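Enquirer: Following is a predicted model, sequence given first.
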Amino acid sequence: MKTFDENSVVSLVTGAAGFIGHHLVRFLQEKGRYVIGVDWKEPEGYECSPNFFNWNCDLREFPNVVQAFDGVHEAYCLAADMGGMGFISSHDYTIFRNNMLISLFSAEAARVNWRDYEKPGRLLFTSSACVYPVRRQMFADSRPLQEGDAWDGHPEDAYGREKLLTESLYMYMRGDVKASHVEVRIPRFHNVFGPEGAWDADNDNRVKAPAAMCYKMAKAAITGEYHIPIWGDGQQRRSFCYIDDCVEMVWALMQSDFGAPMNIGTDRSVSVDELAMIAARCAGIEDKATLEHDISKPQGVRGRNADLSLMRRELKYEPQVSLEEGMERTYAWIYDKVKEKMA
């Protein structure tokens, strides 16, 4: 049973045991929030404090979602089936079904539970850069994506389609008299990375590119085997956002009055090969590593970068952690994991 001080601001975080989720839980606790974390697995990577309540449940079951939303003032909806290219390119039905159920039930639970509040409750739905049309990302030097581009073609894979449709679901709540007491915030994440996430690139297809590069370079540094496999030709380009900047922007967006989708990330574009060599420098093997490209592997769109004009204007924020600094922190954490695994 949930118990908390009646004067507390109670924040719900779904997907609280995930990478961004558990970092956000920690951040909200530091802000003085009483946090309720919900996930279908146990928390990993952080300590539970007295003002944190964890509930292990399946958010694909509506009664569970209604109970999770009961008594909270704001909800950060991060729960989703997702991962790196190896996962999202081969699990279309699973991703679409699970995520649509979670999102639809979360919207309805907010509508039902918050209708008697004196002021609207706030719900933040985490969307993704995968909502953007593939045709606008066909070249390595494709222009940075603006929020208005999202409906200009087909998104990437089922994951992107599901996110775009769910954005619509939440945006429709604003104009519906039966749901207008729910205020919605929608960040579109662009490749968030950092320590305390999926890291074992040999055994987990949910590992994202920065962690995968750190894993491969750590393994090479330990074993002395410097041939590094790279998915694709290495010239596909992305921008990457360190987790600390991500949660700062999420917090700022939730506190703002801006209710439309917004890019959250950085706007420095690098190729996959460049990312690999940054990881190699972290490992001290830049002069030894040899990149071996496998064009049979999924590599996603050719070029994706974020236009952050809207974020800068509305949130008055500038990302603070450089890619190199973020990779150094991530590599150090993953190196210890790899060393422990290989021992």
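Expert: Right, received. Where do you want to start?

Enquirer: report the longest helix in this protein, please.
Expert: helix 92-113 (DSSP state H).

Enquirer: what's next to that helix, contact-wise?
Expert: Residues outside helix 92-113 that contact it (Cβ atoms under 8 Å, 6 or more residues apart in numbering) are 14, 59-62, 65-66, 68-72, 75, 77, 79-82, 88, 121, 123, 125, 157-159, 161-163, 165-166, 169-170, 173, 178-179, 181-182. Heads up, the C-betas are built off the backbone N, CA and C, glycines and all.

Enquirer: Filter those down to the ones in helices?
Expert: 62, 65-66, 68-69, 88, 157-159, 161-163, 165-166, 169-170.

Enquirer: among these, which two are most distant?
Expert: Among these, the pair separated by the greatest distance (Cβ to Cβ) is 66 and 157, at 30.3 Å.

Enquirer: Mark which of the contacts of helix 92-113 are buried, thanks.
Expert: 14, 59-60, 65-66, 68-69, 72, 75, 77, 79-82, 88, 121, 123, 125, 157-159, 161-163, 165-166, 169-170, 173, 179, 181-182 (16 or more other Cβ atoms under 10 Å).

Enquirer: can you map out the helices along this protein?
Expert: 19-30, 62-69, 85-88, 92-113, 157-172, 209-223, 243-255, 272-283, 309-315, 323-342.

Enquirer: from the chain's centre, how far out does stretch 176-195 sit?
Expert: 12 Å (Cα atoms, centre = their mean, to the nearest Å).

Enquirer: and if you look at stretch 20-29?
Expert: 12 Å.

Enquirer: which residues are in contact with that stretch?
Expert: Against stretch 20-29 from outside (Cβ under 8 Å, 6+ apart): 11, 13-16, 35, 37, 39, 43-46, 49, 51-52, 76, 78-79, 126, 189, 192, 194, 196, 243-244, 246-248, 250-251.

Enquirer: Can you tell me which of those residues end up in strands?
Expert: When DSSP state E defines the strands, the subset of the contacts of stretch 20-29 inside them is 11, 13-14, 35, 37, 39, 52, 76, 189, 192.

Enquirer: Of the contacts of stretch 20-29, keep whichever come out buried.
Expert: Here, 16+ other Cβ under 10 Å leaves 11, 13-16, 35, 37, 39, 43, 45-46, 52, 76, 78-79, 126, 189, 192, 194, 196, 243-244, 246-248, 250-251 buried among the contacts of stretch 20-29.

Enquirer: number of nearby residues for residue 253?
Expert: 20 (other Cβ atoms under 10 Å).

Enquirer: likewise residue 339?
Expert: As a burial measure, residue 339 scores 13 neighbours (other Cβ under 10 Å).

Enquirer: Quick one: residues contacting it.
Expert: 218, 222.

Enquirer: Need the pLDDT of it.
Expert: At residue 339, the model reports a pLDDT of 96.

Enquirer: Check the gap between it and residue 287 for me.
Expert: 22 Å (Cβ to Cβ, to the nearest Å).

Enquirer: Residue 58 now?
Expert: 49 Å.

Enquirer: Settle it for me: which of these two has more neighbours?
Expert: residue 58 (14 against 8).
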